[in-house]
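*Asks:* Provided below for reference: sequence and predicted model.
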Amino acid sequence: MMQRARLKMIRHAPALHGGALAGRRDVAADISDRAGLAGLRQALAGQGRVISSPALRCRQTATALFPRAELTQDARLWEQDFGAWEGVAFDALPDLGPQSRADLAAHCPPSGESFADVCARVGPALQEIAALGDAVIVAHAGVIRAGLALAMDTVPQALAFEIVPLSLTELHWLGAHGWSVACVNWRV
């Protein structure tokens, strides 16, 4: 029998970032979208373990979705560390100019980590989570893109995906047969 697992990855509710980059900054989430939360809660009922990034915005979203669930936190599911760019207003971030996706994936903000680094951190975490069976993961856009990179076996191309708040991306682990992408950005 082939081992399988479904990872249902939810991007946290909109971050209350104050107009500034909040990768590792621990900002709260706006969990006022009751209809969106209720729809996701209904769609995810009985889906297995709930695992979250330790970030406040992820924990708040997970608790709003699954108020009675035991929440496991995994530090490997933190968003990308943008180093010196953390807390910088979006309109004040440096313009990197035209770059290939491969160059963007390798680019490392000063004192931070590249998207390729995120993939190297998140990939093994998702493998371990999947090895234990189905799970719901509440995390960040970068973490979900890293999951897509794992499933597609390409880091640069995962940067093509925009991951919207309170959306579901579902990955299936097929054991020795690798990964498949069931859906991206599903919303109620």
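*Replies:* Here it is on my side, so go on. Numbers count the residues shown, from 1 in each chain.
*Asks:* mind listing the helices for this structure?
*Replies:* Taking DSSP state H as the criterion, the chain carries its helices at 34-43, 56-65, 101-106, 115-131, 141-152, 155-158.
*Asks:* Packed most tightly, which of those helices would that be?
*Replies:* Among these, helix 141-152 has the highest mean neighbour count (mean count of other C-beta atoms under 10 Å), at a mean of 24. Heads up, the C-betas are built off the backbone N, CA and C, glycines and all.
*Asks:* any idea how far stretch 78-97 is from the chain center?
*Replies:* Distance of stretch 78-97 from the chain centroid (C-alpha atoms, centre = their mean, to the nearest Å) equals 18 Å.
*Asks:* Now that stretch: buried residues?
*Replies:* Across stretch 78-97, burial judged by 16 or more other C-beta atoms under 10 Å covers 78, 79, 80, 81, 82, 85, 86.
*Asks:* I'd like to know which elements the worst-scoring helix or strand of the chain on mean pLDDT is packed against.
*Replies:* None of the helices or strands of the chain scores lower by mean pLDDT, DSSP states H and E than helix 34-43, at a mean of 93. Judged by 3 or more C-beta pairs under 8 Å, 6 or more residues apart in numbering; DSSP states H and E, helix 34-43 is in contact with helix 56-65.
*Asks:* Alright, I will stop here.
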